[in-house]
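[1] my questions are about this predicted structure, shown below with the sequence.
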Amino acid sequence: MAEAGYKYLKTYQLATIIYDLTVDFCEKFLSGFENRRTREQMIQAARSGKQNIAEGYQERSLKGYIKLTGVAYASLEELLEDYRDFLRQRKLGIWGKDNSKIRVFREFRVFWDFEKSPSSPNTPIIPKDSEEAANLILTLGHQASFLLNKQIKSLEEKFVKEGGYTENLFKKRLDVIRGSK
């Protein structure tokens, strides 16, 4: 069975991993009642990042695709802020890019083998340590944000070169009107 085209996007694959890891993270490290609202917000932001990539890809309108990809980007940025808050409030470290563990995290390459694992990409196991787990997800989130930003710029360039759905539909309509005269 052929998969939906958006599932081949690295941004979607990373967002799926971030969503799955966020659910795991919240279950492990934010399980108390006092964390219920934060947990729900983090899971929703992660879900929104993933879902808006899929929804945008399905849009007929390039303008709509750009908008929804931007919403995905904003949702993931909101989620990253929650992870930074988690670390800051617990006086845990936000590791810099030169940290040896961050270098290892950055070597991770997402892939989705649809024949072996049709339901999800190669999701890493969440670390047992909350500081390490949050920094892993931050690293993946930075990668996803970087790629989403590139994806948005590419879609904007396509829009400028090719026009949007409504504009192109109107051109076709004008061609029909001109041809019938």
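    In hand now; what should we look at? Numbers count the residues shown, from 1 in each chain.
[2] the nearest residue to P127 once chain neighbours are set aside - how many residues pack around it?
    Nearest residue to P127 in three dimensions, chain neighbours excluded: A133, at 4.6 Å (Cβ to Cβ, 6 or more residues apart in numbering). Just so you know, the C-beta spots here come from the backbone N, C-alpha and C atoms, and that holds for glycine as well. Neighbourhood size, A133 [other Cβ atoms under 10 Å]: 21.
[3] with R88 instead?
    11.
[4] circling back to that earlier point, now do the buried residues in the host helix or strand of the residue nearest to P127.
    Using DSSP states H and E, A133 maps to helix 130-162. Using 16 or more other Cβ atoms under 10 Å as the test for burial, helix 130-162 gives 130-145, 147-148, 151-152, 155, 159.
[5] strands of the protein, start to end?
    Taking DSSP state E as the test, none of the chain falls into strands.
[6] lowest confidence element among the helices and strands of this protein?
    helix 165-179 (a mean of 78; mean pLDDT, DSSP states H and E).
[7] between helix 130-162 and that one, find me the angle.
    Per axes from the mean of the first three to the mean of the last three Cα atoms, to 10 degrees, the angle that helix 165-179 makes with helix 130-162 is 20 degrees.
[8] list of residues touching helix 165-179?
    R60, S61, L62, K63, E162, G163 (Cβ atoms under 8 Å, 6 or more residues apart in numbering).
[9] tell me the one among the residues you listed nearest to D82.
    Of all the contacts of helix 165-179, K63 has the smallest distance to D82: 29.3 Å, by Cβ to Cβ.
[10] any idea how many residues pack against the spatially closest residue to that closest one that is not a sequence neighbour?
    Distance criterion Cβ to Cβ, 6+ apart; nearest residue to K63, sequence neighbours excluded, is G164 at 5.1 Å. Neighbours of G164 under the rule other Cβ under 10 Å: 18.
[11] can you tell me how far G164 is from K171?
    Look at G164 and K171: by Cβ to Cβ, to the nearest Å, they are 11 Å apart.
[12] repeat that for G96.
    In terms of Cβ to Cβ, G96 sits 51 Å off from K171.
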